[in-house]
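Participant: I'll drop the sequence and a predicted model, then ask my questions.
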Amino acid sequence: MSLKNLIHRDIIHTAPETTISVIARMMRDHKIGSVFVRENNMFTGIVTDSDLVRKAFTQELPLNTPAEQVMSAPLIEIDIEKSVMDANHLMYFNEIRHLAISENGAVCGMISVRDLVKYFLSSGEGPINTMGDVIKPLTVLTHREVETIDASSTAREAAKKMGGNKIGSLMITDDGHYIGIVTEADLVRKVMGYSMNASEIPVGVIIGSPFFGWLPNRFSLDKCNTLISILGIYNLTWISVVFFSNYLGIVGFSLVLLIMGIVAGGFISILWGIVRENTPSHILGLTSGVLNPAPF
């Protein structure tokens, strides 16, 4: 399948001199994670929520800083005739979540990581379907060693911790208990988007998501994707996973992209190694009827 079926041709864009506070408001109002930068009828770069957090927040840049100082440039592009899997590889290996699509040498649209995940989950064919029930349990995709931050810490401190660890979210704790999660999108839309002082706003005030709990071996990736869509948190790529009363970790769709690439390349045995390494033995026992290594 080519990218013609998934492309977003209505690109939200701005000028290079537009301030980061205006861009943050654009992201908030349109509920998007990126704004393209256009100059002289050409797209010259892109500003993402990660750019704003890792560059503007952490370096304490003033809100009137122009987009050209924080944008990612040049644009990483892919031809519209390329396949969805080609886009998957390009996004994963360049560690990006938004990809420009070009036609006849000019940028004509874009695609996001959520578009890829949604396509692979709904497609009758492809890596997700090839793996059958192996990657359906969220235990397989759960990161158990996650970064946390106290609810009383400031948004600035959260941004610096995200930037230092190159991650998009932090679990929020209060009195030793997990109470929610804060993401890059939360910092951009709720703090910068309203021109608030990031050094004064506590992250406990801007909690982005309630704390969900479920049996991870029974809650599948496609249900996870559906939940995200229903809640209207299009750019949220992390979901908390709880097993009974014990916190296990969070699910990141970056690992989904890796799995797609592995399966497409035929390296199924490598994936099973990832499953065995990242899944606790007691969980493997609980999901033995699903995570069956026999086919490998």
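Facilitator: Nice, I can see it. Model, not experiment: these values are computed from the prediction. Numbers count the residues shown, from 1 in each chain.
Participant: contacts, neighbours, all on C-alpha from now
Facilitator: OK.
Participant: where are the low-confidence patches of the stretch 101-250 of the chain?
Facilitator: For the stretch 101-250 of the chain, applying pLDDT under 70 flags the ranges 121, 123-145, 208-250.
Participant: again, 90 this time
Facilitator: Scanning the stretch 101-250 of the chain for pLDDT under 90 picks out 113-147, 166-174, 176-183, 207-250.
Participant: Strands of that one, residue ranges please.
Facilitator: In the stretch 101-250 of the chain, the strands defined using DSSP state E, counting those that start in this stretch lie at 106-112, 142-143, 148-150, 169-174, 177-183, 238-243, 246-252.
Participant: Number of residues surrounding Glu103?
Facilitator: 13 (other Cα atoms under 10 Å).
Participant: Run through the bridge partners of it.
Facilitator: Beta-bridge partners for Glu103, by DSSP bridges, are Ala106.
Participant: State the distance from it to Met110.
Facilitator: Look at Glu103 and Met110: by Cα to Cα, to the nearest Å, they are 11 Å apart.
Participant: ditto for Asp10
Facilitator: Distance from Asp10 to Met110, counting by Cα to Cα: 8 Å.
Participant: Same check on Ala100?
Facilitator: Here Ala100 is placed at a distance of 4 Å from Met110 (Cα to Cα).
Participant: Check Asn64 too.
Facilitator: Distance from Asn64 to Met110, by Cα to Cα: 27 Å.
Participant: same thing with Lys4?
Facilitator: Between Lys4 and Met110 the computed distance is 10 Å (Cα to Cα).
Participant: So these two - more neighbours on which side?
Facilitator: Between Lys4 and Met110, counting by other Cα under 10 Å, Met110 is the more crowded of the two (23 against 16).
Participant: bridging residues for that one?
Facilitator: Beta-bridge pairing of Met110 under DSSP bridges involves His8, Ala100.
Participant: Roughly how far does it sit from Lys31?
Facilitator: Counting by Cα to Cα - Met110 and Lys31 are separated by 15 Å.
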